[in-house]
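Peer 1: Dropping the sequence and predicted coords here.
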Amino acid sequence: MRGTARALRSAARAAWRQSFPVDGRDVARWFPGHMAKGLKKMQSSLKLVDCIIEVHDARIPLSGRNPLFQETLGIKPHVLVLNKMDLADLSEQQKIIQHLEREGLKNIIFTNCVKDENVKQIVPMVTALVGSSYRYHRGENAEYCIMVIGVPNVGKSSLINSLRRQHLRKGKATRVGGEPGITRAVMSKIQVCERPPMFLLDTPGVLAPRIGSVETGLKLALCGTVLDHLVGEETLADYLLYTLNRHQLLGYVQHYGLDGACDDVVSVLKRVAVRLGKMQKVKVLTGTGDVNVIQPNYTAAARDFLRTFRSGLLGPVMLDRDMLHTPPADP
Ligand SMILES: Nc1nc2c(ncn2[C@@H]2O[C@H](COP(=O)(O)OP(=O)(O)OP(=O)(O)O)[C@@H](O)[C@H]2O)c(=O)[nH]1
């Protein structure tokens, strides 16, 4: 059985694509720069803030964070929360931490905010950091005021809700959603802890991610930081297939009952659509007029493929794996 799986993998690997060509101009269109306004508001509230918690997706720990953050907000004590650890392959966690430390990021916590994993480490870390640094404009005020920032859909609201569950035994204070851009109201102040009294400022996903390359744009899109239809569900499903094959994560073969690993997204989506019964009637123009034919619904199949991946059913992934094995750029 194992031998068969290995044979399947090596046969498929020979034919796998080595690159995923996308026009850089398209990628720039997926990430509009409309978030600058939010960043300005955040800057103006900075004097109220003792510490910044930046939330990012643990599947892309090294790419996609906003460089403006360090330049404009990075003067405060800073904690980097790498969330969605349940979806990330963290077998090289130490390498990730070393890489980030070389970039000057020292306070890093991996979390799962759905299951409240590691969330309890945050308050003590913030307390120690703020306590050991100058309390900006706070005088004797015992309250801690924390700003939560990050690119869209990384779990900022989920983190706040998780902290409240852990420290206050209270339910949701902020809305959580599977799509980017759920948090709209800027700067609501939410209590997350009584001892010490700690408040968080929730922000919308106002930080435009850093799109250093087409690949970074695709990774961010795969993690759901931009609405799928802006990229195109089928393009994104194709990038997912390309990524899974390159990382030898072939769980999709079994999940969808395919004959084997395959690098052709049309064939894969066709099989997915047929298997899930996602067919559609389309009009086809023939010499004798329009004819209705039943065809696979490729978009619906692509959505299912993406949803299945994002729910973790195809296994954990480290989308920045290649970067871990190349030296970091100068900070
Ligand atoms: N698997 C997993 N899903 C998570 C985790 N944290 C959050 N999510 C899910 O990720 C999605 C986005 O979470 P939000 O908390 O709304 O993210 P946000 O950063 O506040 O989003 P914006 O308001 O768009 O900026 C939701 O579907 C959450 O349930 C996690 O640790 N693991």
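Peer 2: Nice, I can see it. Numbering: from 1, shown residues only.

Peer 1: so where's the stretch 151-300 of the chain shaky on pLDDT?
Peer 2: For the stretch 151-300 of the chain, applying pLDDT under 70 flags the ranges 171-188, 202-209.

Peer 1: Could I get the full set of helices for it?
Peer 2: 156-168, 214-222, 228-231, 233-246, 251-255, 265-276, 298-310 (DSSP state H, counting those that start in this stretch).

Peer 1: of the ones you listed, which approaches the ligand most closely?
Peer 2: Of all the helices of the stretch 151-300 of the chain, it is helix 156-168 that lies closest to the ligand, at 3.4 Å by Cβ to the nearest ligand atom. Backbone N, C-alpha and C define where each C-beta goes, glycine included.

Peer 1: which of the residues in that closest one are buried?
Peer 2: Of all the residues in helix 156-168, those buried under the rule 16 or more other Cβ atoms under 10 Å are 156-167.

Peer 1: repeat for stretch 16-28
Peer 2: For stretch 16-28, a neighbour-count test (16+ other Cβ under 10 Å) marks 22, 27 as buried.

Peer 1: circling back: out of the buried residues of helix 156-168, who's near the ligand?
Peer 2: With Cβ under 6 Å from any ligand atom as the criterion, those include 156-158 near the ligand.

Peer 1: would you list the helices of the stretch 151-300 of the chain in TSV and tack on distance to Val126?
Peer 2: Output for the helices of the stretch 151-300 of the chain, formatted as TSV (distance: least, Cβ to Cβ, whole Å):
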stretch	distance to Val126
helix 156-168	10
helix 214-222	27
helix 228-231	34
helix 233-246	34
helix 251-255	37
helix 265-276	44
helix 298-310	29
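
Peer 1: and Ala300, how far is that from Ala237?
Peer 2: In this view, Ala300 and Ala237 are 11 Å apart by Cβ to Cβ, to the nearest Å.

Peer 1: more neighbours, these two?
Peer 2: Neighbour count, other Cβ atoms under 10 Å: between Ala300 and Ala237, Ala237 has more, with 26 against 18.

Peer 1: can you count the residues close to Ser44?
Peer 2: For Ser44, the count of nearby residues is 10 (other Cβ under 10 Å).
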